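>>> Fold the following.
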Amino acid sequence: MAKETQRDAQRAAELFPLHPLPHYLQGFYAYEDKNFAQAITFLEQCEQLGFTNGYLEGETMSLMAECHYRLAEYEQAWNYFEKCLQH
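I've put the predicted structure just below:
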């Protein structure tokens, strides 16, 4: 099921490149696969698109922090943890 959803998220990102949800989902599944650098790439796309009324902002910041932490990029991780707490 996860692979199907991952494929759907990729297709949705192609069809709706300006919506943050598909990028977030791609980042989430990359994180689940322990591909933290790729997850950060997808989540950065989500962050660059912006968050309407906070939609996905906290989730994105939290996952970004976790990915950076797992890559031992502690300064970036703490910055994203702070952003998450401010949300």
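>>> So Q10 is in contact with Q26, correct?
Yes - between Q10 and Q26 there is a contact at 6.2 Å, judged by Cβ atoms under 8 Å. C-beta: built from backbone N, CA, C; applies to glycine.
>>> Which one of these two is surrounded by more residues?
Ranked by neighbour count (other Cβ atoms under 10 Å), Q10 and Q26 place Q26 first, with 22 against 16.
>>> Leaving out sequence neighbours, find the closest residue to the more buried one.
In this structure, Q26 finds its nearest non-sequential neighbour in F42, 4.2 Å apart by Cβ to Cβ, 6 or more residues apart in numbering.
>>> Which positions in the helix or strand harbouring the one you found come out as buried?
Taking DSSP states H and E as the criterion, the element that holds F42 is helix 36-49. Within helix 36-49, the residues that count as buried by 16 or more other Cβ atoms under 10 Å are 36, 38-40, 42-43, 45-47, 49.
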